[in-house]
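J.: quick one, what's the 3D model for this:
(2 chains)
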Amino acid sequence: MTPLSWLREKYVFIVASSVLGAVLMAFLLVPILGTIVSSAPGVPAALMDERIVDAVYLSVFSAALATVFNLVLGVPLAYILSRHRFPGSGVLDSLLDLSIMIPHNAAGIALLFTLSPRTPLGAFLSSLGIGVVDTVWGVAAAMAFVSAPFLVRSAEDAFGTIDARMEQAARSLGASRGQVFRHVTLPLSRRGILTGCLLCWARAVSEFGAVAVLAYYPKTAPVLLFDVLIGEGLQAALPITGIVLLLGVIVFALFRALNREAYP
Amino acid sequence: MSCSLRVEGLSRRWPGFALVDIDVEVAEGEYFVLLGPTGSGKTLFLDTLMGFYRTDEGKLCYRGRDVTSLPPEARGIGYVPQSDTLFPHLSVRGNVEFGLRMRGAPERERAAKVEEVSEELGIRHLLDRKPRYLSGGEGQKTQLARALVTEPGLLLLDEPLSSIDAHAQGELMSLLRRINRARGVSVIHVTHSHLEARTLAGVMGVMMGGRLVQSGRVNEVYGSPATPEAARFLGFENLFTLSELGEEAAWLRAVIGSIEGDVVGWRAEDTLVSDVRESPEMTEAAVVERLDLGPYSTVLLDAGVPVRATLTSEKGRAIADGGKAFVGVKKEAVRFW
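T.: Numbering: from 1, shown residues only, chains lettered A, B, ... in the order given. Coordinates of the predicted model:
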């Protein structure tokens, strides 16, 4: 048997899979790493540009707002979906992913139709001083809309890994449902929820379509990037692109660190 | 003796399974073993007693109080589940004191009670460990300590010995009996192990197909099973429906005589086997299979009907595999239904 035929017989599938996988990895990584390298010289100056710094700050802050909103409302939803079966719970569980399935500019239009001051809900929010069209609230609402499933799914998975018998044991020891959640369920799912928060924030901070439709102003980093690209060209947009990509890399590193952390 | 737990007509249905009309009384300080095969509903019964499932019908009284509609945390019943349910984010100490913390007990009281119960169960040296560093036996003792620290009057144990090695099983059985006697705590111990039932039970029940088919003192239950199904589970390996047997079982009818029932049964150790005809009621049989199990042998014989016997090794050696033997039954050991 020649070395080539031995290789063909034993490893053709592994080699073919590796080559195809490597092509995809290169397709995903080369543009990101290449752009970070190309944009690096312009990043320090861009970080001095108030317009860019404000946009990045707004993105980070609004994404944090959206994450807190999704955390407060999403964790209870995740708990209910993971622990209880009721008529329509399967459908509800499926509908949860709808907001990431639809085109994001369409999501922005849907939000506009629901939250603009001409709608009852929008008028009510306006009466409370919470306008959503072209405001920070609008930016956060658009971000929350498209990122909620990431947090809810992650929390749901985390709750799903906890043995229900452990919660029952806690109740047999005198803990109420609320105490069980606080002292057993939450500590055991903490890492999953934190991961969900990070994914939610990362998705929110990078949102363009829904934000641009609902709240083009004040400009977030992705909106500013689009604005500069259209108005001033590719070279002018490159430093902002570098900053946005670096932000993504930092979040990715955090995500990896969180998932590698051993159980305390 | 006053009653710790009284269950009256408890029924609960799930898709494909039901607990049906269960009546049980467990006296204060009594060790009640609920024995049944896998899938008979033992764990669901305990879960229903704990309040994890509501009852469809029936009433539960614990120490004279109707607890039927109370949530688990308000029942005051201790519970040790079958699986490892120690909280992995807490130390052994944190696990043991959990119930006291949920009740708002002050730190000094918690520390004293944890010391006391951990001393009693021999886990004091483990208090600062995380559960993942415990052996199976140590984990079970910690679960037991966690349930006992709140001083419940009744302890529910779901297959507490099933996941630990034989040596630790013996140690834990002795510990369970000691706790039951020293603390006067009533126990409902669910198991499929005859060894556990015979070793620990003061009173026992047999559960099959979601029904409590029998309860009573251990010797009564093992001596006179209530149904043929219970008899098979309790070790009556020879069970025959007489109306289904033909002339080949004439010897058996002759031995038993006239009975009020159609099903007869006896234990393998109550089968008489000899290489010579020791009484006129014995019949000749072919030895189909003989298994030597150290101090004793089990034998399957064809006496017109398949008959199982257990013999001492000495007597078993005289019965050759594939040879002939004479078979009879200790008449007083035969039960009928």
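J.: so who does whatever residue of the stretch 101-250 of chain B ends up closest to chain A touch?
T.: Relative to chain A, the nearest point of the stretch 101-250 of chain B is B:M102 (4.3 Å; C-beta to the nearest C-beta). Glycine gets a C-beta too; all of them are placed from N, C-alpha and C. When contacts are counted by C-beta atoms under 8 Å, 6 or more residues apart in numbering or on different chains, B:M102 touches A:170, A:173-176, A:179, A:183, B:73.
J.: just the buried subset of the residues you listed, please.
T.: A:170, A:173-175, A:179, A:183, B:73 (16 or more other C-beta atoms under 10 Å in any protein chain shown).
J.: sort out for me which of those are in strands.
T.: Under the assignment DSSP state E, the buried ones among the contacts of B:M102 contribute nothing to strands.
J.: just give the nearest non-adjacent residue to the spatially most central residue of chain B, would you?
T.: Geometric centre of chain B, nearest residue: B:L35, 3.0 Å, by C-alpha atoms, centre = their mean. In space, and not counting its chain neighbours, B:L35 is closest to B:A197: 4.8 Å by C-beta to C-beta, 6 or more residues apart in numbering or on different chains.
J.: with A:G108 instead?
T.: Leaving aside its sequence neighbours, A:G108 is closest to A:V213 (2.7 Å, by C-beta to C-beta, 6+ apart).
J.: secondary structure element holding B:A320?
T.: Secondary structure here is read from DSSP states H and E; on that basis B:A320 sits in neither a helix nor a strand.
J.: show me what contacts the nearest residue to it once chain neighbours are set aside?
T.: Nearest residue to B:A320, sequence neighbours excluded (C-beta to C-beta, 6+ apart): B:V287, at 6.4 Å. For B:V287, the residues meeting the contact criterion (C-beta under 8 Å, 6+ apart) are B:299-301, B:319-325.
J.: quick one, which of these are buried?
T.: So, by 16+ other C-beta under 10 Å, the buried ones in the contacts of B:V287 are B:299-301, B:319, B:325.
J.: sort those residues by pLDDT and name the bottom one.
T.: Sorting the buried ones among the contacts of B:V287 by pLDDT puts B:I319 at the bottom of the list (79).
J.: tell me the contacts of it?
T.: With contacts taken as C-beta under 8 Å, 6+ apart, B:I319 has the following neighbours: B:273, B:275, B:287, B:290, B:297, B:299, B:311, B:325.
J.: in its sheet, what does the helix or strand encompassing the third one sit against?
T.: When secondary structure is defined using DSSP H and E, the element that contains B:V287 is strand B:283-293. The pairing partners recorded for strand B:283-293 under DSSP bridges are strand B:296-302 (antiparallel), strand B:324-329 (antiparallel).
J.: what's the burial count for A:A106?
T.: Using other C-beta atoms under 10 Å in any protein chain shown, A:A106 is surrounded by 12 other residues.
J.: try B:D292
T.: B:D292 has 13 nearby residues by other C-beta under 10 Å.
J.: circling back to that earlier point, helices - which of the buried ones among the contacts of B:M102 land there?
T.: Secondary structure of the buried ones among the contacts of B:M102 is defined by DSSP state H; positions in helices are A:170, A:179.
J.: so which of the buried ones among the contacts of B:M102 comes closest to A:S39?
T.: In terms of C-beta to C-beta, no member of these lies closer to A:S39 than A:H183, at 47.8 Å.
J.: so which bits of chain B are right by chain A?
T.: Within chain B, the positions near chain A by C-beta under 8 Å from any C-beta of the partner chain are B:47, B:50, B:52, B:71-73, B:76-79, B:81, B:83, B:85, B:87-89, B:98-99, B:101-103, B:143, B:146-147, B:150.
J.: in the stretch 51-200 of chain B, where is pLDDT below threshold?
T.: Low-confidence segments of the stretch 51-200 of chain B, defined by pLDDT under 70, are absent.
J.: which residues in it form helices?
T.: In the stretch 51-200 of chain B, helices defined by DSSP state H, counting those that start in this stretch lie at B:92-96, B:98-102, B:107-121, B:136-148, B:166-183, B:194-200, listed in chain order.
J.: B:M207 touches B:L44, doesn't it?
T.: No - applying C-beta atoms under 8 Å, one finds B:M207 not in contact with B:L44, separated by 9.8 Å.
J.: out of the two, which sits in the more crowded spot?
T.: Here B:M207 and B:L44 are compared on neighbour count by other C-beta under 10 Å; more neighbours surround B:M207, at 26 against 19.
J.: host element of that one?
T.: Taking DSSP H and E as the criterion, the element that holds B:M207 is strand B:203-208.
J.: likewise A:W6?
T.: With elements delineated by DSSP H and E, A:W6 resides in helix A:3-39, which encompasses its position.
J.: what is that helix packed up against?
T.: Counting contacts by 3 or more C-beta pairs under 8 Å, 6 or more residues apart in numbering or on different chains; DSSP states H and E, helix A:3-39 packs against helix A:234-260.
J.: output the below-cut-off pLDDT ranges for chain A.
T.: Within chain A, the set of residues satisfying pLDDT under 70 comprises A:1, A:261-264.
J.: chain B contacts on that one?
T.: Taking C-beta under 8 Å from any C-beta as the criterion, chain A approaches chain B at residues A:163, A:165-166, A:168-176, A:179, A:183-184, A:187-188, A:263-264.
J.: ok, which pair from the buried ones among the contacts of B:M102 is furthest apart?
T.: Greatest spacing in these, by C-beta to C-beta: A:H183 and B:E73 (12.3 Å).
J.: give me the common contacts of those two.
T.: With contacts taken as C-beta under 8 Å, 6+ apart, the residues that reach both A:H183 and B:E73 are A:175, B:102.
J.: if I look at B:T283, how far off is B:G205?
T.: Using C-beta to C-beta, to the nearest Å, one gets 37 Å for the distance from B:T283 to B:G205.
J.: more neighbours, these two?
T.: Neighbours around B:T283 and B:G205, counted as other C-beta under 10 Å, are more numerous at B:G205. The numbers are 25 against 21.
J.: confidence score at the more buried one?
T.: For B:G205, the pLDDT comes out at 97.
J.: OK, contacts around it?
T.: For B:G205, the contacting residues are B:24, B:32-35, B:212, B:214-215, B:221, taking C-beta under 8 Å, 6+ apart as the criterion.
J.: can we see that at 7 Å?
T.: The neighbourhood of B:G205, defined by C-beta atoms under 7 Å, 6 or more residues apart in numbering or on different chains, consists of B:24, B:32, B:34, B:212, B:214-215.
J.: grab the nearest non-local neighbour of it.
T.: In this structure, B:G205 finds its nearest non-sequential neighbour in B:S215, 3.8 Å apart by C-beta to C-beta, 6+ apart.
J.: you'd agree the one you found is in a helix?
T.: No - residue state for B:S215 (DSSP: H, G, I helix; E, B strand; the rest coil) corresponds to strand; a helix is not indicated.
J.: next, count neighbours for it.
T.: Close neighbours of B:S215, defined as other C-beta under 10 Å, add up to 22.
J.: and it, how far from B:E229?
T.: With distances defined as C-beta to C-beta, the gap from B:S215 to B:E229 amounts to 15 Å.
J.: ditto for A:R171
T.: Applying C-beta to C-beta, one obtains 34 Å for the distance of A:R171 from B:E229.
J.: more crowded one of the two?
T.: Counting neighbours by other C-beta under 10 Å for A:R171 and for B:E229 shows that A:R171 has the greater number, 23 against 16.
J.: and the helices in the stretch 101-250 of chain A?
T.: Under the criterion DSSP H, counting those that start in this stretch, the stretch 101-250 of chain A carries helices at the ranges A:104-115, A:120-127, A:136-160, A:164-172, A:177-180, A:186-205, A:209-214, A:221-232, A:234-260.
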